[in-house]
Each structure stands twice: as structure tokens, then as C-alpha cells.
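Visitor: fold the stuff below for me.
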Amino acid sequence: MAKPKPLMTKSSGPDDGAVQSALRTLDAEASGVAALSAALKSDLGAAFTAAAELIRKAKGRLIVTGLGKSGHIGRKIAATFASTGTPAFFVHTAEASHGDLGMITADDAILALSWSGEQPEMRNLIAYAARFGIPLIAMTADKDSTLSKAADVQLTMPKAREACPHNLAPTTSSLMMLALGDALAIALLEGRGFTSTDFSVLHPGGKLGALLKYARDLMHSGEALPLKPLGTKMSDALVEMTSKGFGCVGIVDRHGHLIGIVTDGDLRRQLTRPELLTLSVDEVMTKTPKTISRDTLAGEALELLNASKITTLIVTDAKKPVGIIHLHDLLRAGVA
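Guide: Residues are numbered from 1 along each chain as shown. From the prediction side, this is the model:
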């Protein structure tokens, strides 16, 4: 019985056929996005602004609709709008004619995706929008299509060649629709001043949700906080460091303000001094340690730890230490 041939006998390189195909695909799709960007700087810009304003003024929700590949892209666009502060959901164009039109109210706005603008399934939805005066935005590549002519705002995208060698499979066109949908969502996000705090309310789960937790949610406080006053002997500071388990001890003045920190690194740098344990923390500590506030996002805390190449941050309020966060706390929370 013949042995099956291995799938690959050598590693792929720049001359590999699959890699070359991938590069041609990426070049084709990049050219489509570049053409879209150029169009926004020209004729498409005014329509884009009108579409953003129409969505912003809608009293209800943004209804994104499409079918086929445009439908798949529409689902993603609706999800992006919803997670960035614009209430939105997806209605499949074909299902709309079988009862789902009831999901759409007169207070809503519709964003309809169709590269050709001539899908017959779209006609009932167009008629419904006209009947109840629901604003309609068309995202197509043909300004003379049935969908574009029926729309209040026409987002007419530039024609672009598909990455498919036969110019058939929706590839470049799908990416252009997705990019334009993302651009609309972010324009509305920025226009309403949507913050990372707002985002955390809508996205409490997963790694993004973890990144958007606050320092106050993760910090250790009270008796767990390693602190010693100025003038403390290093022998006592070392006991505090060891018992609290954070690899550091914060140093406070007589007003309770944090003015320094002694870390494992400080100890290593002083190991050659035989009198180390009898020294005062004043002689060993690092002054003005890195600190964060209770309202610092976990993602920002992680960035500061990485940038400073340290493992702990003391949380302060009016210069007084109120908590401590270790890199391991962020890891357990799923931030890193």
C-alpha cells in the first residue's frame, strides 16, 4: 500500500504560488480601499456626511440589510455600530418580505447594502421604506441602480476589480463595503464623543472587557497594601515586602503621601553593601514611583507596566496610596 504524500515537502517562500496568489489578492483589495479613500475626498464625501447625519438624527435604530456576501458584511457593520454607541441590528433582506419588516419602525433608518443595487429581494423593503417614510441609505456601486434611485442618500462606491481572477467572487467589493461601514460607525463614535468608558458598558466580556476594567476593580487595598514610613530600617522594610508578596514596599511621609518605593530591583542594586539591612529606606528607595489613579483603565495600567519594565503600580488618591496592582492581577483578569 502506497504511503500518502506529505502535504508540504519544503517551507513556502516568496516564490511559492500560494503566496504570490495571496499577494495579488491583497494588492487588489488594497487598491479598492485606496479608491474608496480617494472617492471620499471627492464626490462621495458629501453623501457620507449626509448619511452620518441621517443616522445620527434617527430617533430609533439603524437597520442594516443585505443578502449574500453583502448580508454577511451587513451583519458585521451592524455589530460595529451597536458596540460603538449607535443602536443597530441586522435584518436579512429576503426574510424581511416574510414578516421581518415588522422589526422596522418609522423612527428607524435603513442602510441597505447591494453592490449591484438590483437584487429583486430588495424591492419589498424599498416599498416599505417609502410607504412609512423611513429614511433609506443605499450602499452600492451603481448610482443608476433601482436601490440608489429609491434612496434618500446614495453612498456610491467606485468600481473596483475583484481579487478573484475571474472578477466574479465578491472579495474587493466586500472589503470596500466593510471599510465604508466601519468609517461611518467611527465617524458617529467620534462625533458623539463616545469614550472607552462608554465602550466598556456595551462590551463587558472578553479581553476587550478586561482591558476596560478600572484599577479600582483589580487593586489590592487595606491591610494587603505594603507600606512603611520614612526612616524605617531596611530590615523592617524587607519583612513587609516578604509578608505582603508584591516584591515592593511603598514609602510614605508623615502626611501619608507616597514619596518613594523600595523594590526587588533596588535590593539587588544594593546587595554589595554589607550594611544594607541597617540602612534607612530613605537611602535605598526610588523616589517618585510610577502611580495610577482608581479610574485608570486596566489596559492603560498594562501599557505603563510594559513601558516602564516594572511589575507593580501603586494606586493613589490625592497622593495617598490606596491600593496596589501587580502584573499577575492583570493576567488573571485576562487583560494580558
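Visitor: pLDDT wise, what is Val201 at?
Guide: For Val201, the pLDDT comes out at 66.
Visitor: so where's the protein shaky on pLDDT?
Guide: In the predicted model, the chain carries pLDDT under 70 at residues 1-15, 197-198, 200-208, 336.
Visitor: could you pull out the helices for the stretch 201-336 of the chain?
Guide: Assigned by DSSP state H, counting those that start in this stretch, the helices in the stretch 201-336 of the chain fall at 206-211, 215-218, 234-244, 264-269, 281-284, 298-308, 327-332.
Visitor: flag every buried residue along the fourth one.
Guide: Which is helix 264-269. Asp266, Leu267 (16 or more other CB atoms under 10 Å). The way it works is simple: take the backbone N, C-alpha and C, and place the C-beta from them, glycine included.
Visitor: check the offset of that helix from the chain's centre.
Guide: For helix 264-269, the separation from the chain centroid amounts to 38 Å (computed by CA atoms, centre = their mean, to the nearest Å).
Visitor: need the CA coordinates for that helix. PDB is fine.
Guide: What follows is helix 264-269, C-alpha atoms only, in PDB (Å, rounded to 0.1, in the frame of the first residue of the first chain):
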ATOM      1  CA  ASP A 264      13.300  43.800  44.500                       C
ATOM      2  CA  GLY A 265      15.400  45.700  41.900                       C
ATOM      3  CA  ASP A 266      16.500  48.300  44.500                       C
ATOM      4  CA  LEU A 267      17.600  45.500  46.800                       C
ATOM      5  CA  ARG A 268      19.700  43.800  44.100                       C
ATOM      6  CA  ARG A 269      21.400  47.000  43.300                       C
END
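Visitor: now for it, which elements pack on it?
Guide: Helices and strands touching helix 264-269, as assessed by 3 or more CB pairs under 8 Å, 6 or more residues apart in numbering; DSSP states H and E, are absent.
Visitor: just to revisit the earlier point, quick one: which of the helices of the stretch 201-336 of the chain is nearest Thr80?
Guide: Ranking those by distance to Thr80, with CB to CB as the measure, places helix 206-211 first at 12.8 Å.
Visitor: where does Ile104 fall, phi/psi-wise?
Guide: phi -100, psi 130 (degrees, to the nearest 10).
Visitor: grab the nearest non-local neighbour of Ala38.
Guide: Nearest residue to Ala38 in three dimensions, chain neighbours excluded: Pro158, at 7.5 Å (CB to CB, 6 or more residues apart in numbering).
Visitor: right, and the helix or strand after the helix or strand hosting Val91?
Guide: Element membership for Val91, per DSSP states H and E: strand 88-92. Scanning forward in sequence from strand 88-92 by DSSP H and E, the next helix or strand is helix 93-96.
Visitor: can you tell me what sits against the helix or strand following that next one?
Guide: Downstream of helix 93-96, the next assigned helix or strand under DSSP H and E is strand 109-113. When contacts are defined by CB atoms under 8 Å, 6 or more residues apart in numbering, strand 109-113 is touched by residues 51, 54-55, 58, 60-66, 70-71, 73-74, 77, 93, 104, 122, 125-126, 129, 134-140, 147, 151, 177, 181, 184.
Visitor: strand 109-113: partners in the sheet, and parallel or antiparallel?
Guide: Partners of strand 109-113 in the sheet, by DSSP bridges, are strand 62-66 (parallel), strand 136-140 (parallel).
Visitor: CSV for the ones you listed, including distance to Glu303?
Guide: Output for the strands paired with strand 109-113, formatted as CSV (distance: least, CB to CB, whole Å):
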stretch, distance to Glu303
strand 62-66, 33
strand 136-140, 36
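Visitor: dump those strands to JSON lines, plus distance to Asn167 and mean neighbour count.
Guide: Converted to JSON lines, these look like this (distance: least, CB to CB, whole Å; neighbours: other CB atoms under 10 Å):
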{"stretch": "strand 62-66", "distance to Asn167": "21", "mean neighbour count": "27"}
{"stretch": "strand 136-140", "distance to Asn167": "18", "mean neighbour count": "26"}
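Visitor: minimum distance to Arg273: which of the ones you listed has it?
Guide: That would be strand 62-66 among those, by CB to CB, at 66.8 Å.
Visitor: alpha carbons only: can I get the closest one in PDB?
Guide: Taking Å, rounded to 0.1, in the frame of the first residue of the first chain, the C-alpha atoms of strand 62-66 are listed here in PDB:
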ATOM      1  CA  LEU A  62     -30.200  51.800  12.300                       C
ATOM      2  CA  ILE A  63     -31.400  48.800  10.400                       C
ATOM      3  CA  VAL A  64     -28.700  47.300   8.300                       C
ATOM      4  CA  THR A  65     -29.900  45.000   5.500                       C
ATOM      5  CA  GLY A  66     -28.400  42.900   2.700                       C
END
